[in-house]
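In: Everything below, folded, please.
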Amino acid sequence: MQSDAFRLPDVEALGALRTTHKPRILLLYGSLRDRSYSRFLAQEAERLLQTLGAETRVFDPRGLPLPDGAPDTHEKVQELRELAAWSEGQVWSSPERHGAMSGIMKAQIDWIPLSVGAVRPTQGKTLAIMQVSGGSQSFNAVNQMRVLGRWMRMITIPNQSSVAKAFLEFDDAGRMKPSPYYDRVVDVMEELMKFTLLTRDRAAYLVDRYSERKESAAELSKRVNAREAIGGTSA
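Out: Model prediction:
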């Protein structure tokens, strides 16, 4: 990392912000291998995020059941959902397998519901996406994850990382070697932090929808009319 080019987020440049605690970032990775390059990439991203001022959590997918293969009270499912609710931003790091994200990555995303009662665990939260490949550079996994992020109403940042021939890019200790690929990871984490600081106080407003407000108003009117009808009958 080139120290004179590395910048901490400039809060003043982002305008007046209310929240003062560190941005809360959850990192997910999509492999169970002992030498997992998607995990190494997520851990490298975590180090950068902590340097940039974030509070981080990395979810370990070992022991997570397949979607619908266990009740949602399963301890690993509950752990994942609590972390998703805790987070203000997320990082998804997947290997590319058969031209797609891994099943382990998809299973984690599938266990995070779109809504739990009145709480939407992902809506309005920021998202950065990354992938590793065993061969030449590809964007299949990040493209899929970008579609999922939009489906889950997350603010998926424009930048992304795709590391080709990942087995060449990490040393024996699992640390990423200096390279243009590493520089891109720095870029992505820097951008994620900026977007998170910029949007977390405004997330509820940014994802507020006319159609949902209209539906809520209709439901309220229905309840009021029902009460008035009952009152009129009893009178």
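
In: in what helix or strand does the most centrally placed residue in the chain lie?
Out: Computing the C-alpha centroid of the chain and ranking residues by C-alpha atoms, centre = their mean puts residue 90 first, at 2.6 Å. Assessed by DSSP states H and E, residue 90 sits inside strand 89-97.

In: Check which element follows that strand along the chain.
Out: Immediately after strand 89-97, counting by DSSP H and E, sits strand 100-101.

In: Direction included, what does that following strand pair against?
Out: Using DSSP bridges, the strands paired with strand 100-101 are strand 89-97 (antiparallel).

In: to the chain's geometric centre, what's the distance from the strand it pairs with?
Out: Centroid separation for strand 89-97 versus its chain: 9 Å, with C-alpha atoms, centre = their mean, to the nearest Å.

In: how about the CA coordinates for it, as CSV?
Out: The C-alpha coordinates for strand 89-97 follow below in CSV (Å, rounded to 0.1, in the frame of the first residue of the first chain):
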residue,chain,number,x,y,z
GLY,A,89,-22.7,-2.1,5.0
GLN,A,90,-21.6,-5.5,3.6
VAL,A,91,-18.8,-7.1,1.6
TRP,A,92,-19.6,-10.2,-0.4
SER,A,93,-16.5,-12.2,-1.6
SER,A,94,-17.1,-15.3,-3.7
PRO,A,95,-15.1,-17.7,-5.8
GLU,A,96,-16.3,-18.3,-9.3
ARG,A,97,-17.5,-21.9,-9.8
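
In: those strands in this protein, which residues are they?
Out: Listed in chain order, the strands of the chain (DSSP state E) span 24-29, 55-58, 89-97, 100-101, 126-132, 155-156, 161-163.

In: Just the mean pLDDT for the last one, thanks.
Out: Mean per-residue pLDDT for strand 161-163: 94.

In: Over to the third one?
Out: Mean per-residue pLDDT for strand 89-97: 96.

In: what's the angle from that strand to strand 126-132?
Out: Put simply, strand 89-97 runs at 20 degrees to strand 126-132, going by axes from the mean of the first three to the mean of the last three C-alpha atoms, to 10 degrees.

In: Buried residues of strand 89-97, list them for me.
Out: Neighbour-count burial for strand 89-97 flags 89-97 (criterion: 16 or more other C-beta atoms under 10 Å). Using the backbone N, CA and C atoms, a C-beta is placed for each residue, glycine as well.
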